[in-house]
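**Student:** Fold the following, please.
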Amino acid sequence: TRDWPSTVVKGQEEIRELARNILVNMKREDEKGFFAKPVSKSFPSLAKHYLEVVIMPMDFHTIQEERIENYRVISDLQQDLILIFSNCCKYNKKGSEIWNYTYELWQRLDHIFIDTLREKNIGVPRRWDTCII
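**Tutor:** Numbering: from 1, shown residues only. Below you'll find the model as predicted:
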């Protein structure tokens with residue numbers, strides 16, 4: 001995954017609005033709801049061990065409630081989403097059901113970005129349009 005282009009939206013409110021829309025689409029893609037809230041809330045029995053392995057936990061709820069307002073460019077959201085997926089892949093055994101599920105979502109990240117731009121009638125940068133499709 002390469003950095004999402006910062007030129008697709010300008011201004012803090014446009015960045016926040018696009019980030020909210022991408023997050024809605026990511027939540028929809030996460031059919032199992034694994035990333036909806038912090039691991040410590042979703043899986044309390046794993047919390048202590050998880051926090052020993054994962055240095056900076058991240059989830060959709062934390063992004064929505066604590067992070068979106070501080071984004072300066074849309075790739076800030078991209079980095080938080082990648083953090084969610086990389087944390088999960090780090091904690092879980094490669095090849096396990098949750099690892100595979102997470103990896104598939106991670107691979108869809110750029111497609112979700114492009115799909116959201118199109119849904120909101122935001123121009124897709126030409127070099128992105130041809131690389132993603």
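
**Student:** elements contacting the helix or strand hosting His61?
**Tutor:** Per DSSP states H and E, His61 falls inside helix 60-62. On a contact count with 3 or more Cβ pairs under 8 Å, 6 or more residues apart in numbering; DSSP states H and E, helix 60-62 meets helix 12-29. Where C-beta positions appear, they are placed from N, C-alpha and C, glycine not excepted.

**Student:** Restricting to C-alpha, output the longest helix along the chain in CSV.
**Tutor:** When the chain is parsed with DSSP state H, its longest helix is helix 97-119. Taking C-alpha atoms only, helix 97-119 is exported to CSV below (Å, rounded to 0.1, in the frame of the first residue of the first chain):
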residue,chain,number,x,y,z
GLU,A,97,-8.6,-17.6,10.3
ILE,A,98,-8.4,-14.1,11.9
TRP,A,99,-5.0,-13.4,10.3
ASN,A,100,-6.3,-14.4,6.8
TYR,A,101,-9.5,-12.3,7.3
THR,A,102,-7.4,-9.3,8.4
TYR,A,103,-4.9,-9.7,5.6
GLU,A,104,-7.8,-9.7,3.0
LEU,A,105,-9.2,-6.5,4.5
TRP,A,106,-5.8,-4.9,4.4
GLN,A,107,-5.4,-5.8,0.8
ARG,A,108,-8.8,-4.1,0.0
LEU,A,109,-7.8,-0.8,1.7
ASP,A,110,-6.8,1.1,-1.5
HIS,A,111,-9.9,-0.2,-3.3
ILE,A,112,-12.1,1.1,-0.5
PHE,A,113,-10.4,4.4,-0.7
ILE,A,114,-11.0,4.7,-4.5
ASP,A,115,-14.6,3.4,-4.1
THR,A,116,-15.3,6.1,-1.5
LEU,A,117,-13.9,8.8,-3.6
ARG,A,118,-16.2,7.7,-6.4
GLU,A,119,-19.2,7.5,-4.1
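
**Student:** Mind listing residues that contact it?
**Tutor:** 1-2, 4, 8, 18, 21-22, 25-26, 29-30, 32, 34, 78, 81-82, 85-86, 88-89, 92-93, 123-124, 128-129, 132-133 (Cβ atoms under 8 Å, 6 or more residues apart in numbering).

**Student:** Noted, bye for now.
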